[in-house]
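Visitor: Fold the following and give me the result.
(one chain, ligands or ions: 1)
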Amino acid sequence: MIRLFILSLATVFVTLSSVAQERPKPEETEVWEPVPPVVTPGDYAGPQSPPSDAIILFDGTNLDEWVSTRTGKEAGWAVGNGVVSVVQAAGGIHTRRMFKDYQLHLEWRVPEGVEGSGQSRGNSGLFMAWDLERGQGYELQILDSYQNDTYVNGMAGATYKQSIPLVNPMRPPGQWQVYDVIWRAPRFDEAGNLTTPARVTAFMNGILIQDNVEMEGETYYIGQPEYHPFDEAPIHLQAHGDPGPTLSFRNIWIRPLAQD
Ligand code: MG
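Guide: As a prediction, the model looks like this:
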């Protein structure tokens, strides 16, 4: 009887440890090199006014174009002095409008006195398309990558755990960073099968960091990217929950692009 008990205990142990071994770990999708070269961008000349055909997503005064991703109601981030700052307790926010293909301009600032290191240092994210039901999307990483080592497919300008940025044009904390992004949404057939992958081109501080890169699917912390069919989607900004003062954004505008 005791022997049987020990045997079954051993079976449970072996089963549990094999489950633990099979479960994917976040480290498995981290890439640490090659480290993109640091490039010092030109001076930031201040926010430029948007083009005449742009939809203004944030002009410094209100978050009318955004809602809380958690509640679908008021966004709950802090607007003041012409910028909007992340409120961690409110969680992420997304646009009321849905988009397909577009050109997006967004400025972001990691605060002076930022704390933490690696992925816990000024982490946010521009989700170029967000699946509201599944709570997943396609992230262009926002992070303090100024003298801050992390896996390079998770640094600022990376499509998260997919494409490493060509260079690192990060300004120091306290200065504004500028993203200009061209997003071509993935296409699916009527059965929901992928027909054309998503593509992204991105500039950071005026310097090319993603050159018409094909996405492998949604960007995940753990596991391999996958596509899930959608047509239009909102844009989502991440509240990551890092220590210390939080990130700010300003001058966000978008130009939907002609499709196909
Ligand atoms: Mg992020």
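Visitor: Residue 153 - that's part of a helix, no?
Guide: Yes. Under DSSP: H, G, I helix; E, B strand; the rest coil, residue 153 falls within a helix.
Visitor: Now do it against residue 217, distance only.
Guide: Computed with Cβ to Cβ, to the nearest Å, the distance linking residue 153 and residue 217 is 14 Å. In this view, the C-beta of every residue, glycine as well, is placed from N, C-alpha and C.
Visitor: Ok, residue 42 next?
Guide: As it turns out, when the distance is counted by Cβ to Cβ, residue 42 lies 35 Å from residue 217.
Visitor: The two: which has the busier surroundings?
Guide: For residue 42 against residue 217, the residue with the higher neighbour count under other Cβ atoms under 10 Å is residue 217, and the figures read 17 against 9.
Visitor: what's that one sitting at in phi/psi?
Guide: Backbone torsions of residue 217, given as degrees, to the nearest 10, read phi 140, psi -170.
Visitor: got a list of what it touches?
Guide: If a contact means Cβ atoms under 8 Å, 6 or more residues apart in numbering, then residue 217 has 224-228 as its contacts.
Visitor: where does it land on pLDDT?
Guide: Residue-level confidence at residue 217 comes out at 98, pLDDT.
Visitor: Pull up the gap between it and residue 37, please.
Guide: Taking Cβ to Cβ, one finds residue 217 at 28 Å from residue 37.
Visitor: do the same with residue 130
Guide: For residue 130, the distance to residue 37 under the criterion Cβ to Cβ works out to 31 Å.
Visitor: Looking at the two, which is more packed in?
Guide: Shown here are residue 130 and residue 37; by other Cβ under 10 Å, residue 130 has more neighbours (24 against 9).
Visitor: Count residues in the vicinity of the residue in the stretch 101-250 of the chain positioned nearest to the ion, would you?
Guide: For the stretch 101-250 of the chain and the ion, the shortest gap (Cβ to the ion) falls at residue 125, measuring 3.2 Å. When neighbours are defined as other Cβ under 10 Å, residue 125 has 20 of them.
Visitor: beta partners of it?
Guide: The partner list for residue 125 in beta bridges (DSSP bridges) reads residue 141.
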